[in-house]
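> 3D, please:
(4 chains)
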There are 2 protein chains.
Amino acid sequence: MPRPTLASLASELAVSRQTISNVLNAPHKVKPATRERVLAAIAAADYRPSAAARQLRTQRSMNFGIRLYPATDGINGAVLDRFLHALTEAAQSAGYRLTLFCADSDEDEVRQYEQLLDVAGLDGFILTSSTPDDARSRWLQERGTPFAVFGRPWDADGHSAAAEHAWVDVDGAAGTEAAVNMLLAQGHARIGFLGWHTGNPVGADRRQGWERAMTAAGYGRDVPVLGAETEDTVAGGATGAALLASRGATAVVCSSDSLALGAMEKLREARPGAFRPGQPAGPGGRAAIVGFDDTPVAAALGLSSVAQPVEEAARHIIRVLTHELAATPAAAIVPPARQLLLAPRVVERIPLPLAAPGSD
Amino acid sequence: MPRPTLASLASELAVSRQTISNVLNAPHKVKPATRERVLAAIAAADYRPSAAARQLRTQRSMNFGIRLYPATDGINGAVLDRFLHALTEAAQSAGYRLTLFCADSDEDEVRQYEQLLDVAGLDGFILTSSTPDDARSRWLQERGTPFAVFGRPWDADGHSAAAEHAWVDVDGAAGTEAAVNMLLAQGHARIGFLGWHTGNPVGADRRQGWERAMTAAGYGRDVPVLGAETEDTVAGGATGAALLASRGATAVVCSSDSLALGAMEKLREARPGAFRPGQPAGPGGRAAIVGFDDTPVAAALGLSSVAQPVEEAARHIIRVLTHELAATPAAAIVPPARQLLLAPRVVERIPLPLAAPGSD
DNA sequence: CCCCCAAATTTGATCGATCAAATTTTGTGC
DNA sequence: GCACAAAATTTGATCGATCAAATTTGGGGG
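Below is the predicted model of the structure:
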């Protein structure tokens, strides 16, 4: 038995195609009695309208596109993983689907947009990283294609910029600030920061939170001494942490879990005492390290880390996009914020006592 | 200016719709001269056929579906990440797109199949894990929907089973076997195995490779002593490794990088000497640990690991699916293997000397 | 009981492609 | 030059939905 269509259902029910269509798309236009009858038949026949036919007529594919980046560093990639899952879930429950694509570069990405818009008729895109003076955003904006970015817009100098388009981001500075405050509460004073040596504005933002918190606590003069930058690797974290330790840091806030992992490994066996703050930071009085992104590695090793509310970010992005695409007379409902900065939260953990001195 | 359509292009060129359609879908039916002329016009107008219209007529969406699992353990999740990327890339260059979806359970997954087939007209599915006596495979098989599985079929008892459907898998046993052989070559003899305590057939397979290699090397009598099973966490790895060490193991092959990470952490500071094989395994003569999946964490920490050729697996899956969906008269070309077991390879690494004794 | 207006329902056209069949063009042999 | 098949091209119908306009139904007032 072939799949039911509007026409087949209509003749069975002795009503017209349009009535059934109205039951689904404009129920108020149908008399309650018929509506019930039609709904029952729809359920009985397991009828589901064809997306292709609908798209052909309405020019809506109910599909968003998202670029998949090559898995560079799976440690941090885990964040995007969670984001993608949450996005899919949110899209699905809003009646949208997600289409994946790959691109070699940002220019290629724009080429893919063009293709996907023409061919698949995608209704919008989700960008998962914003670059300074982002050409992709500009292209989409000019073309009038709905899109939302996970990441704030940055101007060419790496400063937070104003933009028309929708975005959601996590307030990195607030995250490092909270991390510093947690460490201060634990009795630390000489709190270092280990960041990236790239000009990445995201990194600069995270560093700023540390500076702000340190200054507010009256340790502003330590800022020039206790900040270090390196490449975003475990080895870089180890080297950087050693440097900060030699400068007297008893705790380190890092820009990533990779760095934090390196720092943790390095400091695990460092001279006892050197990292002992007023109050012990954890078993064995080891240095306190805080990472960023709260990746599974951090969870596995008992590393404190700043957690981004990516699920919430994803849900909001879908909310904004679907609102934008909704039928116009939505004046009644409150539109979601087109620009939203979410606060992260620090996950405090006690390091796994795996290799604690004296254990076997 | 609106997007060009077959009709608009046709009237411009003073040929019929069908001729242009033929140029794209059956070039041999068109006289070379007209073909050139049409192709030039297509390129000039940047014409791209609408997937929705095409799908409506041909009942082909050029779209595969794949379920996204919640990111449970990002350490191992990184493998699926790479797989997904490779899949997207391969699909894209074959002219297909990938649609994501979420499901709460395997039953819900089948419900989603039904929906996606009816509504979006997906052409096939890719399953990324096979369970013993898999109900999803059975459903797809019965319905005649094209699909391919990343993972071998297992019968209800957890043994490798025969199946009609297409699948690709990585030979886990061959991987652990190779790992053991590598360790043997390094001079180790008492090589332990640390696996999962779940009845998971994938884990059983990996354990078997170890047993096989140990037996072949004449250490068969050690097998009952040097094998241990625990939960798949870093903590489990630490505990398990300690146990195996106490039984005299000088090296451990693990079922996952999580376990290996725990083992490595634990043994990093273990009694010197206890883990020193005939030939030093690495700096400081520490125990040799081999993980599984070659996740970024392993790379970051210098942990040896068994690497799965997921990219190749992904490409093959797309090859099989596209072949299945290709126009029937493909008798001329060699069909790709519908069932394929790929060999993994051991990535040998020297542990990062982060916390080597005597470093600062 | 009829007229009128609003509510409910139906009809015909359309989105943009492909399929199947009809038509025109081309080429060959005599 | 002509008949005739093969090659090339065109025409009309169709996939399954929605839009816009036309038609039918129903209820209230005079």
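> next, the angle from the longest helix along chain A to helix B:74-93.
Of all the segments assigned as helix in chain A under DSSP state H, the longest by residue count is helix A:74-93. Here helix A:74-93 points in a direction 60 degrees away from that of helix B:74-93 (axes from the mean of the first three to the mean of the last three CA atoms, to 10 degrees).
> just checking, what packs against helix A:74-93?
strand A:63-67, strand A:97-101, helix A:257-268, helix A:296-301, helix A:310-325, helix B:74-93, strand B:97-101, helix B:296-301 (3 or more CB pairs under 8 Å, 6 or more residues apart in numbering or on different chains; DSSP states H and E). C-beta here means a position set from N, CA and C on the backbone, and glycine is covered the same way.
> and it, how far from the chain's centre?
8 Å (CA atoms, centre = their mean, to the nearest Å).
> which residues of the stretch 51-200 of chain A fall in helices?
A:51-58, A:74-93, A:106-119, A:135-143, A:172-185 (DSSP state H, counting those that start in this stretch).
> now do the contacts for A:L342.
When the contact criterion is CB atoms under 8 Å, 6 or more residues apart in numbering or on different chains, the partners of A:L342 are A:V168, A:D169, A:V170, A:D171, A:Q308, A:P309, A:E312, A:A313, A:H316.
> now the two most distant members of those residues.
Farthest apart among the contacts of A:L342 by CB to CB are A:D171 and A:H316. That separation is 13.8 Å.
> more neighbours, these two?
For A:D171 versus A:H316, the count of surrounding residues by other CB atoms under 10 Å in any protein chain shown is larger for A:H316: 21 against 18.
> burial count for the closest residue to that one other than its chain neighbours?
Setting aside the residues directly before and after it, A:H316 is nearest to A:V168 in space (CB to CB, 6 or more residues apart in numbering or on different chains), at 5.1 Å. Using other CB under 10 Å as the criterion, A:V168 is surrounded by 27 other residues.
> cool, A:T19 as well?
By other CB under 10 Å, the residues close to A:T19 number 18.
> cool, A:L183 as well?
Taking other CB under 10 Å as the criterion, the count of residues near A:L183 is 28.
> same question, A:A33
The number of residues packed near A:A33 is 8, by other CB under 10 Å.
> state the pLDDT value of it.
Reading off the per-residue confidence, A:A33 sits at a pLDDT of 93.
> now do A:A300
Among the per-residue scores, A:A300 shows a pLDDT of 86.
> and for A:D360?
For A:D360, the pLDDT comes out at 36.
> so for DNA strand D, which of the helices of the stretch 51-200 of chain A sits nearest?
Distance to DNA strand D, taken as CB to the nearest atom of the strand, is lowest for helix A:51-58 among the helices of the stretch 51-200 of chain A, at 3.3 Å.
> the residue nearest to A:A94 when sequence neighbours are not counted and DNA strand D, how far apart?
For A:A94, the nearest residue in space outside its immediate sequence neighbours is A:T322; the separation is 4.9 Å by CB to CB, 6+ apart. Relative to DNA strand D, A:T322 is positioned 17 Å away (criterion: CB to the nearest atom of the strand, to the nearest Å).
> can you give me the neighbour number for A:T322?
20.
> my guess is A:K29 contacts A:N22. True?
Yes: look at A:K29 against A:N22 with CB atoms under 8 Å: they come within range, at 4.8 Å.
> which one of the two has more residues nearby?
When A:K29 and A:N22 are compared on other CB under 10 Å, the one with more neighbours turns out to be A:N22, at 18 against 12.
> which secondary structure elements does the helix or strand harbouring that one sit against?
Secondary-structure assignment from DSSP states H and E places A:N22 in helix A:17-25. In this structure, helix A:17-25 makes packing contacts with helix A:6-13, helix A:32-45, judged by 3+ CB pairs under 8 Å, 6+ apart.
> and of the ones you listed, who's closest to DNA strand D?
helix A:6-13 (3.5 Å).
> list the helices and strands that closest one packs on?
Packed next to helix A:6-13, using 3+ CB pairs under 8 Å, 6+ apart, are helix A:17-25, helix A:32-45.
> measure how buried the residue lying closest to A:D134 once chain neighbours are set aside is and give me the count.
Counting by CB to CB, 6+ apart, A:D134 lies nearest to A:P153, which is 6.6 Å off, once chain neighbours are set aside. The criterion is other CB under 10 Å. On that basis, A:P153 has 22 neighbouring residues.
> ok, A:P153 to chain B distance?
Summarising the geometry, the distance separating A:P153 from chain B, computed by CB to the nearest CB, to the nearest Å, is 26 Å.
> quick check: phi and psi at that residue.
phi -80, psi 140 (degrees, to the nearest 10).
> please list all residues in contact with the closest residue to A:L13 other than its chain neighbours.
Once its chain neighbours are removed from consideration, A:L13 has its nearest residue in A:A41; the separation is 5.2 Å (CB to CB, 6+ apart). Contacts of A:A41 were listed using CB under 8 Å, 6+ apart, and they are A:L9, A:E12, A:L13, A:Y47.
> ok, 7 Å please
The contact partners of A:A41, taken as CB atoms under 7 Å, 6 or more residues apart in numbering or on different chains, are A:L9, A:E12, A:L13.
> please pick the buried ones from those.
Among the contacts of A:A41, those classed as buried by neighbour count (16 or more other CB atoms under 10 Å in any protein chain shown) are A:L9, A:L13.
> okay if I get the contacts of A:A41 as JSON lines plus distance to B:A241 and pLDDT?
Below are the contacts of A:A41 laid out as JSON lines (distance: CB to CB, whole Å; pLDDT from 0 to 100):
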{"residue": "A:L9", "distance to B:A241": "63", "pLDDT": "95"}
{"residue": "A:E12", "distance to B:A241": "67", "pLDDT": "92"}
{"residue": "A:L13", "distance to B:A241": "68", "pLDDT": "93"}
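> could you pull up the residues touching the residue nearest the centre of chain A?
Using CA atoms, centre = their mean, the residue of chain A that lies closest to the mean C-alpha position is A:V310, 4.0 Å off. When the contact criterion is CB under 7 Å, 6+ apart, the partners of A:V310 are A:V79, A:R82, A:F83, A:A86.
> list the contacts for the third one?
Read that as A:F83. Neighbour list for A:F83: A:T128, A:F150, A:V310, A:A313, A:A314 [criterion: CB under 7 Å, 6+ apart].
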